[in-house]
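> Quick one, structure for this:
(one chain, ligands or ions: 1)
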Amino acid sequence: MVSTFSFPTRIIFGPDAIHELPREIATFGAQHLLIVTDPGVIQAGIVDPIRQLLDDARIATTFFDGVDPNPIEANVDAGIRCYRKAGCDFIVAIGGGSPLDLAKAIRLRVSHDLPLEEYDDLRNGAEKISPEMPGMIAIPTAAGTGSEVGRSAIITVKSTGRKTVIFSPHLIPSVAICDPKLTVTLPPKLTAATGMDALTHNLEAYLATNYHPICDGIALEGIRIANENIQQAVEHGEDLEARSAMMMAAMMGAIAFQKGLGVAHSLAHPLSTVAGLHHGLANAIMLPHAMRFNLEAAAVRLKQVSRTLGIDVHELSDMDAAGKAIERVRELNTQVGIPATLGAVGVSERQIPALASQAILDGCHLTNPRPCSEQDMIALYRAAL
Ligand SMILES: [Fe+2]
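As a prediction, this is how the structure comes out:
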């Protein structure tokens, strides 16, 4: 079988990397930027210094912060109007996964005319996406989605009410500027949830069925880094070393999951759209259950995960060694303050049919190491309740 691999993102990484922004913009010859961000990032005081940096460099900007926590199509429409009205020719996204994904969708739709649902990855959307779109610089302020190096945008589409994955290599931001100093004000709860999202990306990518040893190597190192640093980043948010490590683990997760994800993500997506849970929190709660579901089908790989998590497995059978990885993920959840059950975050039994009927339509489980039916998903939600 012939495979295609590409790792094309230009990444500027490290404390104070943000100061490179004007120089990067100059290389594109951009005249007027649309800055896509969200009100929380502005309130956290992250945007003002960046605005100053751009003003000092005499770069024209228009700010747009109309993004829902889980971006919806109406946010995209409003962003496009703002982009056109101001005569923008370049996009800079500042924030967590939501503004970054929204910026990608705006970038797509200012240059592509079909309705958004036509670009759904499940409808071969990638074939309809050409490289002709405005340039984009992504500046993450959380370490979780890794959207800054990702080739997908997740938007809840009007016609279906479903979180829809739009996927194309052309959606990868032109440049990612990753400055861990921008994440130090992220509160512990969000640091925990976004960090567990990063761990889930690495772990699910490693177990995903596609052939991609390059991503496997990145995923394992991402698991190791997240495991060793998430608690410190949660408990000591000002620790730049831990913040840098988590930002790297998040980026590695997103690079790795071009290989594919798994059932935890398919279960997590409806928990956001139906039950309003934070994406990372939903993944963190579902991940041990997904691993248990995959235990037999992926025992050898889970054993390797256990090794990567620092567990001595050489006296253990594959199954026992694999089981240790699940125990460690549960322990990590406890250490960073993630509630153990869906019930504890307000999800009820009567929501499960609606959750499962959406989860089965989600594409992430197609690369899960064990095939998964809607009944399996109902059982997984029940087990997590
Ligand atoms: Fe995720």
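
> what's the burial count for E118?
15 (other CB atoms under 10 Å). Backbone N, C-alpha and C define where each C-beta goes, glycine included.

> Please list all residues in contact with it.
By CB atoms under 8 Å, 6 or more residues apart in numbering, E118 lies in contact with G125, K128.

> List the residues that contact K104.
By CB under 8 Å, 6+ apart, the contact set of K104 is A93, M136, S147, S152, A153, I166, L171, P173.

> same check, this time on S6
P169.

> can you check R301 too?
Counting by CB under 8 Å, 6+ apart, R301 touches Y206, L207, P369.

> In terms of pLDDT, where does it sit?
Confidence at R301, expressed as pLDDT, is 98.

> and it, what element?
Under the criterion of DSSP states H and E, R301 resides in helix 299-308.

> Widest-spaced pair of the contacts of K104?
A93 and I166 (15.0 Å; CB to CB).

> Specify which residue of those two has the higher count of neighbours.
Using other CB under 10 Å, the more surrounded residue of A93 and I166 is A93, with 31 against 25.

> strand partners of the host helix or strand of the more buried one, parallel vs antiparallel please.
According to DSSP H and E, A93 maps onto strand 90-95. Neighbouring strands of strand 90-95 in its sheet, by DSSP bridges, are strand 32-36 (parallel), strand 135-140 (parallel).

> and the next helix or strand after it with strand 90-95, angle?
Moving toward the C-terminus from strand 90-95, the next helix or strand (DSSP H and E) is helix 97-109. Helix 97-109 and strand 90-95 are oriented at 160 degrees to each other (axes from the mean of the first three to the mean of the last three CA atoms, to 10 degrees).

> Restrict helix 97-109 to CA atoms and write it as CSV.
What follows is helix 97-109, C-alpha atoms only, in CSV (Å, rounded to 0.1, in the frame of the first residue of the first chain):
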residue,chain,number,x,y,z
GLY,A,97,-9.6,25.5,19.8
SER,A,98,-12.8,27.5,19.3
PRO,A,99,-11.4,30.7,17.7
LEU,A,100,-8.7,28.7,15.9
ASP,A,101,-11.3,26.4,14.3
LEU,A,102,-13.6,29.3,13.6
ALA,A,103,-10.8,31.2,11.8
LYS,A,104,-10.1,28.1,9.6
ALA,A,105,-13.8,28.0,8.7
ILE,A,106,-13.8,31.7,7.9
ARG,A,107,-10.7,31.3,5.8
LEU,A,108,-12.3,28.5,3.9
ARG,A,109,-15.7,30.2,3.3
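
> ok, G150 - contacts?
Residues touching G150, when contacts are defined by CB under 8 Å, 6+ apart, comprise L171, I172, A254, F257, Q258.

> Quick one: neighbours of the fourth one, just the number.
What that stands for is F257. Count around F257 with other CB under 10 Å applied: 29.

> Likewise for the second one?
Number of residues near I172 (other CB under 10 Å) recorded here: 24.

> Tell me, what's the model's pLDDT at it?
If you check I172, the pLDDT there is 95.

> which residues touch it?
I172 sits next to P8, T9, V149, G150, R151 when contact means CB under 8 Å, 6+ apart.

> What about these, which one has the most neighbours?
Per-residue neighbour counts (other CB under 10 Å) across the contacts of I172 peak at G150, which has 27 neighbours.

> By mean pLDDT, flag the weakest helix or strand of the protein.
Lowest on mean pLDDT, DSSP states H and E among the helices and strands of the chain sits strand 163-167, with a mean of 89.

> If you count contacts, what does that strand end up packed against?
Under the contact definition 3 or more CB pairs under 8 Å, 6 or more residues apart in numbering; DSSP states H and E, strand 163-167 sits against helix 97-109, strand 152-156, helix 263-273.

> Quick check: most distant residue from the centroid of this protein.
What lies farthest from the middle of the chain is E315; by CA atoms, centre = their mean that is 35.8 Å.

> picking that back up, any chance of the contacts of K104 in a markdown table, with distance to A126 too?
Output for the contacts of K104, formatted as a markdown table (distance: CB to CB, whole Å):
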| residue | distance to A126 |
| --- | --- |
| A93 | 21 |
| M136 | 18 |
| S147 | 17 |
| S152 | 10 |
| A153 | 12 |
| I166 | 8 |
| L171 | 9 |
| P173 | 17 |
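
> all helices for the stretch 151-300 of the chain, in order.
188-207, 213-235, 240-256, 263-273, 279-293, 299-308 (DSSP state H, counting those that start in this stretch).

> For the fourth one, which outside residues touch it?
The reference is to helix 263-273. With contact meaning CB under 8 Å, 6+ apart, helix 263-273 is reached by 70, 154, 156, 161-163, 200, 204, 277-279, 282-283, 286-287, 289-290, 293-294, 342, 347, 354-356, 358-360, 362-365, 368, 370, 372, 376-377, 380-381.

> related to what we said a few turns ago, so for V329, which of the helices of the stretch 151-300 of the chain sits nearest?
With respect to V329, and counting by CB to CB, the nearest of those is helix 279-293 at 5.1 Å.

> and the residue most central in space within the chain, what does it touch?
Note on the chain: the residue nearest the mean C-alpha position is T145, at 2.1 Å, using CA atoms, centre = their mean. T145 is in contact with G96, G97, L100, D101, T194, D197, A198, A250, A254, H279, counting by CB under 8 Å, 6+ apart.

> and the last one, what does it touch?
Each residue near H279 by CB under 8 Å, 6+ apart is listed here: N70, G97, G144, T145, A193, D197, A268, H269, S272.
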